[in-house]
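Undergrad: this is a predicted model, with the sequence first.
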Amino acid sequence: MGDIATSTPRPIWRHLYAQVLAAIIVGGLIGHYAPETGVALKPLGDGFIKLVKLVVAPLVFLTIVTGIAHMRDMGRVGRVAGKAFVYFLAVSTLALIIGMIVANVVRPGDGLDVDPASLDSGAVATYVKKAGEGGIVPFLLAIIPDSILSPFVEGNMLQVLFLAISLGAALALVGPPAEPLLTVLAAGQSGLFRLTALFMAAAPIGAFGAFAFTIGKFGLGAIANLALLIACFYGTAILFVLTVLGFIAWRAGFSILTLIAYLKTELLLVLGTSSSESALPGLMSRMERAGCPRAVVGLVVPTGYSFNLDGTNIYMTLAALFIAQACGIDLSIGEQLALLAVAMISSKGAAGVTGAGFITLAATLSVVPSVPVAGMALILGIDRFMSECRALTNFIGNAVACVVVARWEGGIDEAKFAAVFRDRQFGDNLPPLPAAQDVD
């Protein structure tokens, strides 16, 4: 089971990443040339995402519980969590700052001369309502589930994390008497990994339907008038990945380009579905195969999905300043710093919510009166085209965070790490990982 590479090369068409890429291309062509057909294919993408969401919550729960319970050392659990949150705070804040700097230098909203009174505030009313339901105290209370089953029924990842960490710590404190239960949980985890592998066989179909719908519904022409903002956002995200995350990766002993190549299947899946959650099980498996300890992967990756949203943070400050510039509003340095401070909080407060990027932007603008919330209507139509880039950047950022925290903990399996990042033995389409073992 420890082999990283497959023994004999397979034709490229049998690799999942090639199948997903081909599906995206075909879906895009159908959406462009037969838009009605493309829109009608939406259920294929929705169905695949539902399949993935079916296993994500229980898989994350079992991974965290077994990982923490096998750690035994509660001090180490706290240490890993503490290091992860320090990293999340530092890098996500840097992403906000970079988005703000680029918006001030490029100024993509200049020249639009939009009258805020002419905007349709009703188009974004739903997002503003959801944002208004946020806040620190309600957010903290919402982390605690109403029952043991409710986080899984509702798909609330923050509540799953709370329940998993609590149970994992309790089982670690119980010690040897908890071993029979841990054996059952580890067996369930192996079964879910196998089930995930079966569901992933449908990834090309899901990517095909989702991408055909996106192009068929919105069309390429619909983004022409806001192309500068889209180009600015994509360029900033690429710059952030290659420079900031690239430097962090270099300091941690690996290449960001090698990491991207290693995760190509999952990245194409994220691109096709516009959802980083669809590739969460694959990311966790990949990080373990790269030598990161299961306990670190189980803590850092799911938590990062809620608190380490680099792409979303770049989008927030860039989009907020774009709206201000488009409406002819010149924000002072003090107002921009206030916007930054609010964004740091709101980007955590709406984590895990569907459409979180747009909702967190609404939450930020709601408490910064200088920028009209109605201005969000300017970017509502193109938000779908920027969601792919947000999801890709968030995904890569969480992969880097996992390796960095594992490196800080000194727990990386150097042989596996070298096989991936030095020898580039990626082992595409590998079977699921075996059940968790003691990590002491």
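TA: Thanks, I have it. Because the structure is a prediction, the values reported are computed rather than measured. Residues are numbered from 1 along each chain as shown.

Undergrad: got the buried residues for the host helix or strand of K83?
TA: Assigned by DSSP states H and E, K83 falls within helix 74-106. Within helix 74-106, the residues that count as buried by 16 or more other Cβ atoms under 10 Å are 76-77, 80-81, 83-85, 87-88, 91-96, 98-100, 102-103, 106. (Each C-beta comes from the backbone N, C-alpha and C, glycine too.)

Undergrad: from the contact counts, what lies against it?
TA: Here helix 74-106 touches helix 157-174, helix 227-239, helix 294-307, helix 310-326, helix 333-349, helix 383-409, going by 3 or more Cβ pairs under 8 Å, 6 or more residues apart in numbering; DSSP states H and E.

Undergrad: of these, which is nearest Q189?
TA: helix 294-307 (9.6 Å; Cβ to Cβ).

Undergrad: distance of F421 from Y234?
TA: From F421 across to Y234, the span is 26 Å (Cβ to Cβ, to the nearest Å).

Undergrad: more crowded one of the two?
TA: F421 (20 against 16; other Cβ atoms under 10 Å).

Undergrad: the host helix or strand of T265: how far from the chain's middle?
TA: If you go by DSSP H and E, T265 is part of helix 264-273. Relative to its parent chain, helix 264-273 has a centroid offset of 11 Å by Cα atoms, centre = their mean, to the nearest Å.

Undergrad: and for that helix, what's in contact with it?
TA: Identification of contacts with helix 264-273 by Cβ atoms under 8 Å, 6 or more residues apart in numbering yields 15-17, 20-21, 23-24, 27, 45, 48-49, 203, 206-208, 210-211, 260, 276, 278-279, 282-283, 286, 388, 391-392, 395-396, 428-429.

Undergrad: in helices, which of those residues fall?
TA: Assigned to helices by DSSP state H, the following of these qualify: 16-17, 20-21, 23-24, 27, 45, 48-49, 203, 206-208, 210-211, 260, 282-283, 286, 388, 391-392, 395-396.

Undergrad: any idea how far the helix holding K83 is from the chain center?
TA: Relative to its chain's centre, helix 74-106 lies at 14 Å (Cα atoms, centre = their mean).

Undergrad: and it with helix 383-409, angle?
TA: Helix 74-106 and helix 383-409 are oriented at 140 degrees to each other (axes from the mean of the first three to the mean of the last three Cα atoms, to 10 degrees).

Undergrad: now helix 74-106: mean pLDDT?
TA: Confidence for helix 74-106, expressed as mean pLDDT, is 86.

Undergrad: equivalent analysis for stretch 333-353, please.
TA: The model assigns stretch 333-353 a mean pLDDT of 69.

Undergrad: count of neighbours near the closest residue to F211 other than its chain neighbours?
TA: Setting aside the residues directly before and after it, F211 is nearest to G27 in space (Cβ to Cβ, 6 or more residues apart in numbering), at 3.8 Å. Using other Cβ under 10 Å, the number of residues around G27 comes to 28.

Undergrad: OK, contacts around G27?
TA: Listed by Cβ under 8 Å, 6+ apart, the contact partners of G27 are 38, 41, 207-212, 215, 272.

Undergrad: do you know the pLDDT at it?
TA: 86.

Undergrad: got the confidence number for L220?
TA: Per-residue confidence at L220 stands at 64 (pLDDT).

Undergrad: what do you get for the one 5 residues further on?
TA: On the pLDDT scale, N225 is placed at 51.

Undergrad: which residue is most remote from the mean position of this protein?
TA: P177 (36.7 Å; Cα atoms, centre = their mean).

Undergrad: next one: the nearest residue to L392 once chain neighbours are set aside from R390, what distance?
TA: In this structure, L392 finds its nearest non-sequential neighbour in V270, 5.5 Å apart by Cβ to Cβ, 6+ apart. According to Cβ to Cβ, V270 stands 10 Å off from R390.

Undergrad: equivalent analysis for D330, please.
TA: Taking Cβ to Cβ, one finds D330 at 27 Å from R390.

Undergrad: can you check G304 too?
TA: Counting by Cβ to Cβ, the gap from G304 to R390 is 14 Å.
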